[in-house]
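**Q** A structural model of the following input is requested.
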Amino acid sequence: MKFKFTLLPVFSLIVLISAISCGQAPQSRQEDSAVAAQEPCIRHCQLLRAGEIEVIVGDGSRARNHPGIWMLTSEHRPFNVFHNRSAAMLGGGLRGRNPVLEKIDESTCVLKKEATERDPSQIRVVFRAVAPYYLDYEHTVKDTENRIPELLDFRSFGWANYTNSPEDPRIHFLSSSEWFRWTPEKHGGPGTQIAPGYVPDEELEVWPENHPDPSFWWYKRHERRFDQPFYYGRFGQMVLIWVYDNPRWLRFHLSPEGGGRSILPGKTSTAWDFEYIIPEKDYEVGREYTFRVRLIYKKYVDDEDVLREVRKAQDELGFEKVVMK
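**A** All right, here's what the predicted structure looks like:
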């Protein structure tokens with residue numbers, strides 16, 4: 001049997017693709033134009049560009065409903081640092097939901113969802129790419145009902161960062177005034193959570209051991225603490241730094257295999273996650289809470305350069321700083 005193939009004119013091909021992307025059957029040019037004018041396509045992702053980096057932010061339309069950062073690359077390393085079928089900055093009440101993506105400009109977009117009876121949290125997340133190699137993240141949430149679960153005395157928000165085949169699975173951070181580099185030996189293993197050293201142990205949250213949701217296995221907390229609200233990971237010649245606001249509520253969570261398979265033989269992809277904890281005394285229904293993070297993706301110089309970038313982010317964005325006693 002022989003098949004005959006013909007090339008579509010460029011304009012017709014564009015019309016066909018546009019129709020398919022909107023979930024409509026191809027029509028005549030006139031009909032398609034009329035429909036397009038009345039029913040614009042739903043935007044599922046947006047490419048953000050600034051300086052050396054490109055970022056794709058997407059909604060929950062892909063496999064597993066993972067809204068967040070779908071791709072982050074640099075002109076120095078054109079390889080996605082995040083899981084190709086998942087996301088980073090994934091969570092905070094949006095994971096498994098269907099937020100709406102809106103374009104603000106060529107370097108800024110928003111994911112948002114309204115509060116519903118089944119999910120009483122209103123959420124708005126802003127992603128902004130800033131030259132030469134920054135991605136600023138601002139997550140604002142307002143609960144319209146009390147969302148502190150039974151047996152607990154705090155509100156918890158967790159985020160996942162599923163990486164793509166890092167050679168070094170560890171995160172790097174300051175602990176007891178020295179650099180500490182760490183990942184657990186296994187998923188859910190000892191040392192999965194790392195708490196801040198500037199919060200006394202008696203003020204740290206406690207999850208009842210019989211609670212049905214262990215939330216990152218808090219009871220496997222590492223004996224080491226972090227001194228400052230940031231950490232970084234390495235990808236070849238590159239470094240990816242997370243700098244956080246709201247330092248007293250911040251917790252680090254790690255898995256050496258949370259990101260799944262790696263393209264590197266004998267290795268797995270990591271999850272470099274984090275959590276914000278709002279104590280019950282600071283929690284109010286109807287109050288807006290904003291969590292801010294800056295991601296920095298650049299060529300690695302040394303640890304001192306990392307600290308310079310952390311201080312710059314804190315100064316520029318007005319993040320709360322920590323003074324260790």
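**Q** rest of the way, CA atoms for contacts and neighbours
**A** Noted.
**Q** Would you map out the domains in this structure?
**A** Domain assignment for the chain by automatic domain parsing gives 12-41, 45-317.
**Q** Where among the ones you listed is average confidence lowest?
**A** The weakest mean pLDDT among those belongs to domain 12-41, with a mean of 44.
**Q** tell me the strands in the stretch 151-300 of the chain, going along the chain?
**A** 154-160, 171-175, 178-182, 193-194, 230-235, 238-244, 250-261, 268-279, 288-299 (DSSP state E, counting those that start in this stretch).
**Q** looking at these, which is buried most?
**A** Compared across those, strand 193-194 shows the largest average neighbour count, a mean of 24 (mean count of other CA atoms under 10 Å).
**Q** Show me what that one is packed up against.
**A** strand 250-261 (3 or more CA pairs under 8 Å, 6 or more residues apart in numbering; DSSP states H and E).
**Q** Select, out of the domains of the chain, the one closest to residue 325.
**A** The minimum distance between residue 325 and these falls on domain 45-317, with 8.1 Å, by CA to CA.
**Q** is it possible to export the strands of the stretch 151-300 of the chain to a markdown table including distance to residue 200?
**A** Converted to a markdown table, those look like this (distance: least, CA to CA, whole Å):
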| stretch | distance to residue 200 |
| --- | --- |
| strand 154-160 | 16 |
| strand 171-175 | 15 |
| strand 178-182 | 19 |
| strand 193-194 | 13 |
| strand 230-235 | 19 |
| strand 238-244 | 19 |
| strand 250-261 | 13 |
| strand 268-279 | 14 |
| strand 288-299 | 22 |
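**Q** Which of those strands sits closest to residue 85?
**A** strand 250-261 (9.8 Å).
**Q** who does that closest one pair up with?
**A** strand 193-194 (antiparallel), strand 268-279 (antiparallel) (DSSP bridges).
**Q** Columns distance to residue 321 on top of these, output as CSV?
**A** Output for those, formatted as CSV (distance: least, CA to CA, whole Å):
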stretch, distance to residue 321
strand 193-194, 18
strand 268-279, 16
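**Q** Which one, of those, ends up nearest to residue 313?
**A** Between residue 313 and those, the tightest spacing by CA to CA is seen for strand 268-279, at 18.4 Å.
**Q** Now tell me what touches that closest one from outside.
**A** 153-166, 169, 171, 205, 249-262 (CA atoms under 8 Å, 6 or more residues apart in numbering).
**Q** what about 6 Å?
**A** Residues outside strand 268-279 that contact it (CA atoms under 6 Å, 6 or more residues apart in numbering) are 154-165, 249-262.
**Q** Centre-most residue in this protein?
**A** With distances taken as CA atoms, centre = their mean, residue 89 lies nearest the centre of the chain, 0.6 Å away.
**Q** For that residue, what are phi and psi?
**A** Per-residue torsions, residue 89: phi 50, psi 40 (degrees, to the nearest 10).
**Q** Pull the contacting residues for it.
**A** 68, 159, 160, 161.
**Q** ok so, going back, deepest-packed of the domains of the chain, please.
**A** Per stretch, and counting mean count of other CA under 10 Å, the top mean among those goes to domain 45-317, which has a mean of 18.
**Q** mind checking how far that one is from the chain centre?
**A** With CA atoms, centre = their mean, to the nearest Å as the basis, domain 45-317 stands 5 Å off its chain's centre.
**Q** Check the separation of the first and last residues in stretch 93-106.
**A** Length of stretch 93-106, first residue to last, CA to CA, to the nearest Å: 26 Å.
**Q** whoops, stretch 86-101 was the one
**A** End-to-end distance of stretch 86-101 (CA to CA): 17 Å.
**Q** circling back to that earlier point, right, so of the domains of the chain, which gets closest to residue 324?
**A** The nearest among these, by CA to CA, is domain 45-317 at 6.4 Å.
**Q** Specify the beta-bridge partners of the residue nearest to residue 106 when sequence neighbours are not counted.
**A** Nearest in space to residue 106, with sequence neighbours left out and distances taken as CA to CA, 6 or more residues apart in numbering, is residue 48 at 6.0 Å. On the basis of DSSP bridges, residue 48 is bridged to residue 55.
**Q** Pretty sure residue 48 sits against residue 55.
**A** Yes: using CA atoms under 6 Å, residue 48 is in contact with residue 55, at 5.0 Å.
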